[in-house]
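J.: pasting the sequence and the predicted model now:
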Amino acid sequence: MMSWAARFRLRQYAKASLWIMPLLGLVLGALLAEWTAGTQGAGWLPDNWQYSATTASSVLSSVVGSMVALLGFVVTIGVLVVQQATGTLSPRYMRLWYRDRLQKAVLATFTGTFAYAFSLLRKIESDAVPDLGVTLSGVAVSVSLMLLLIYLNRFTHNLRPVAIADLVGRLGEKVLDRATVRIRRSSARDEASVPPAGPVARIRSERGGVIQAFDAAGLIATAVRHDCVLVLAHQVGDFVPPGTTLVEAHGSARTPDPRRLNGLVALGTERTIEQDPAFALRVLVDIAIRALSPAVNDPTTAVQVLNHVDTFLHLLGRARLRGRYVLADDEGRARLVVPGRGWEDYLQLAVTEIREYGATSLQVCRRLRALLEDLLATQPAERLPAVRAELVLLEEAVRRAFPEPARRACAGTADRQGIGGGRAPGSEPSR
């Protein structure tokens, strides 16, 4: 029986695959051609839907050739997207781009129309022409062209770094919302004595890889079956070498099956966003620091990405972030402990590299200060020390990069636009 981890990896492969949907389109196109060929000679077809054998052959041959050309055109666009994303954006973004449904729909429509027209060609005889099929081929070409225009419009607009940052931020928000709902529903009532004292069995990973996701329901069911508390030794996104402790079983007289537990934690070659909201923040930071590289030198793009980083941090500010999460079974008993990221972890990920690479940019320093001062004004008291610590690091970076007092004062001014926005009246935070 296939494990949960194997099914998860299979779903990931299917989501990122660019050939499965076109293959389905190919099969459906051929089947539709067989069906429409069966309507040949039906008396209910209008007279103006009738074609000569020569005309039908010419139309279908043109459709076949045009679909092949359009497929090559879309593949070329895909190659250009890969080059741009890896060169000026973030290679991590490509994992999300491969999942785009519109792109798969375009490829499936083109391959389906190709298979449909090609299959109809062999049905044409001197005294028998699939009139309905020839007409529907023209409809299919029209739909293909409209999808191509929508595809071009979407990707010419959405390949801008700020548009990608908005997309990634919204994906991270969805993941964060799902995780928040799940934790709220399954949190244990008493977390103080978790994990319990007693024997500890360590389940080691059978393979190496990044923890992409875990089956919380399956782990809880296993813990109930063995009357123990399972502790995930690493958080989602961590790389786990082979042979490293993956799960700890506390308080169980009988060690759970290691193979089954390994099958409930999916390991892969790189991080995914399904259960890892920090991955969205990682992609945003990657885009910003790539814009700050000497080869690109585009601090305005970094400032625009910081807008989305700011939004994501405020969303995190409303979440109940903890260093660990304790999930319970249906009776409310603690069964699963999952390590989590605290506010300091997310904040450090969001601003550290951008500060280091953008310390010499007036725009970036001013926008970072505005971001941190906004957090000072909106976050609860227990989170303010981490924000103040980042402000101190930013001031030190500005002091090193701008030795002249006038330029240092300019770089130390909070500005939500980077340069040109200034400080809003009354926006000075209390420290």
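T.: That came in fine, so what should we check first?
J.: helix/strand/coil for residue 255?
T.: Under DSSP: H, G, I helix; E, B strand; the rest coil, residue 255 falls in the coil class.
J.: report the separation between it and residue 173.
T.: Residue 255 sits 40 Å away from residue 173, going by C-beta to C-beta, to the nearest Å. All C-beta spots, glycine's among them, are computed from the backbone N, C-alpha and C.
J.: and what about residue 384, helix, strand or coil?
T.: Classification of residue 384 by three-state DSSP places it in helix.
J.: wait, it sits on residue 377?
T.: No - shown here, residue 384 and residue 377 do not form a contact pair, counting by C-beta atoms under 8 Å, at 9.8 Å.
J.: more neighbours: which of those two?
T.: residue 384 (16 against 13; other C-beta atoms under 10 Å).
J.: give me the number of residues near residue 409?
T.: Residue 409 has 11 nearby residues by other C-beta under 10 Å.
J.: just the pLDDT for it.
T.: If you check residue 409, the pLDDT there is 93.
J.: so what secondary structure elements neighbour the helix or strand that contains it?
T.: According to DSSP states H and E, residue 409 maps onto helix 405-411. On a contact count with 3 or more C-beta pairs under 8 Å, 6 or more residues apart in numbering; DSSP states H and E, helix 405-411 meets helix 362-378, helix 384-401.
J.: what's the helix of greatest length in the chain packed up against?
T.: Counting by DSSP state H, the longest helix found in the chain is helix 53-88. Secondary-structure packing of helix 53-88 (3+ C-beta pairs under 8 Å, 6+ apart): helix 94-97, helix 101-121, helix 131-158.
J.: skip ahead from the last one and say which helix or strand is next.
T.: The C-terminal neighbour of helix 131-158 among helices and strands, as given by DSSP H and E, is helix 161-186.
J.: surely residue 23 is in contact with residue 107?
T.: No - assessed by C-beta under 8 Å, residue 23 is found out of contact with residue 107, at 9.7 Å.
J.: neighbour count winner among these two?
T.: Set residue 23 next to residue 107 and count neighbours by other C-beta under 10 Å: residue 107 wins out with 24 against 13.
J.: from residue 78, how far off is the more buried one?
T.: Per C-beta to C-beta, residue 107 is found 9 Å from residue 78.
J.: mutual contacts of these two, please.
T.: Counting by C-beta atoms under 8 Å, 6 or more residues apart in numbering, the common neighbours of residue 107 and residue 78 are residue 18.
J.: so what does residue 404 look like in phi/psi?
T.: Per-residue torsions, residue 404: phi -70, psi 130 (degrees, to the nearest 10).
J.: still on that earlier bit, of the helices and strands packed on helix 405-411, which stretch is the most buried?
T.: Highest mean neighbour count among these (mean count of other C-beta atoms under 10 Å): helix 362-378, with a mean of 22.
J.: what helices or strands is that helix leaning on?
T.: When contacts are defined as 3+ C-beta pairs under 8 Å, 6+ apart, helix 362-378 packs onto helix 299-318, helix 343-357, helix 384-401, helix 405-411.
J.: now those helices in a markdown table, with distance to residue 119?
T.: Below are those laid out as a markdown table (distance: least, C-beta to C-beta, whole Å):
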| stretch | distance to residue 119 |
| --- | --- |
| helix 299-318 | 47 |
| helix 343-357 | 53 |
| helix 384-401 | 63 |
| helix 405-411 | 67 |
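J.: what is the end-to-end distance of stretch 322-341?
T.: End-to-end distance for stretch 322-341, by C-alpha to C-alpha, to the nearest Å: 6 Å.
J.: which residues touch residue 24?
T.: Counting by C-beta under 8 Å, 6+ apart, residue 24 has contacts residue 108.
J.: got the confidence number for it?
T.: For residue 24, the predicted pLDDT is 96.
J.: could you check how far it is from residue 111?
T.: 9 Å.
J.: ok, now residue 244?
T.: 44 Å.
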